[in-house]
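[1] My questions concern the predicted model and sequence given below.
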Amino acid sequence: MAGVDQPVGDVVMSDVLIQALEEQVACYRRLAKLAEQQHEHVQHAQTEQLLEVLNRRQEVLDDVARLERTIAPARRNWSEYAAGLAVSVRQRAEVLLGETRRLLERITAADRDDALMLQQRKLNLGRQISAARTAGQVNRNYATAAYGARSSRVDIGG
């Protein structure tokens, strides 16, 4: 990354960083809203809507990755980088980084809850399938005991 206050074209690098951080926070806010929608769709087993939300989330994550390429060099050496920033710029950047962390924690917790809910649903479905198989076998065993084995041949002769 160029020096902290060295112009890049008409834009100062600190301005580029702040703009990227602001855009990243906006992306994480969108992800948080999409995580809420995702939760609703998971709760109500709305598969098509869930897939739609997951696709939109991926689009936003692509934007986050793009922004991260701008932010990562400063974040890697934050203490050194921040020391060269004007106090107001450093404070703004730290506020944005903090908000990003909080949003990411919220999104991660919501995703973890949804994953647990889906796992529980999967386990319950497995139990239901197993119970249905067992019931079917019990019914076949009962029918065999009560009525004897069925003959699958049809006698058409005369």
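    That came in fine, so what should we check first?
[2] how about the strands in the protein?
    7-8, 11-12 (DSSP state E).
[3] Check those for me: which has the lowest mean pLDDT.
    Lowest mean pLDDT of these: strand 7-8, a mean of 42.
[4] Of all the residues in stretch 119-128, which ones are buried?
    Going by neighbour count (16 or more other C-beta atoms under 10 Å), nothing in stretch 119-128 comes out as buried. Bear in mind the C-beta positions are built from the backbone N, C-alpha and C, glycine included.
[5] what about residue 52, distance to residue 34?
    Going from residue 52 to residue 34 by C-beta to C-beta, to the nearest Å gives 10 Å.
[6] no, scratch that, I was asking about residue 131
    Looking at residue 131 against residue 34, where the rule is C-beta to C-beta, the gap reads 36 Å.
[7] How about residue 100?
    According to C-beta to C-beta, residue 100 and residue 34 sit 16 Å apart.
[8] Could you list the low-pLDDT ranges of the protein?
    Residues of the chain meeting the criterion pLDDT under 70: 1-12, 138, 142, 149-158.
[9] Let's check: the centremost residue of it is which one?
    residue 111 (5.5 Å; C-alpha atoms, centre = their mean).
[10] okay, now the closest residue to it other than its chain neighbours: neighbour count?
    With C-beta to C-beta, 6 or more residues apart in numbering as the criterion, residue 111 has its nearest non-adjacent residue at 6.5 Å, and that residue is residue 35. Counted with other C-beta atoms under 10 Å, the neighbours of residue 35 add up to 21.
[11] Which neighbouring residues are in contact with residue 35, exactly?
    When contacts are counted by C-beta atoms under 8 Å, 6 or more residues apart in numbering, residue 35 is found next to 57, 106-107, 110-111.
[12] Can you flag the buried ones in the residues you listed?
    Looks like these have 57, 107, 110-111 buried, using 16+ other C-beta under 10 Å.
[13] Please, where are all the helices along this structure?
    13-43, 47-76, 78-83, 87-147 (DSSP state H).
[14] most tightly surrounded among those?
    helix 13-43 (a mean of 18; mean count of other C-beta atoms under 10 Å).
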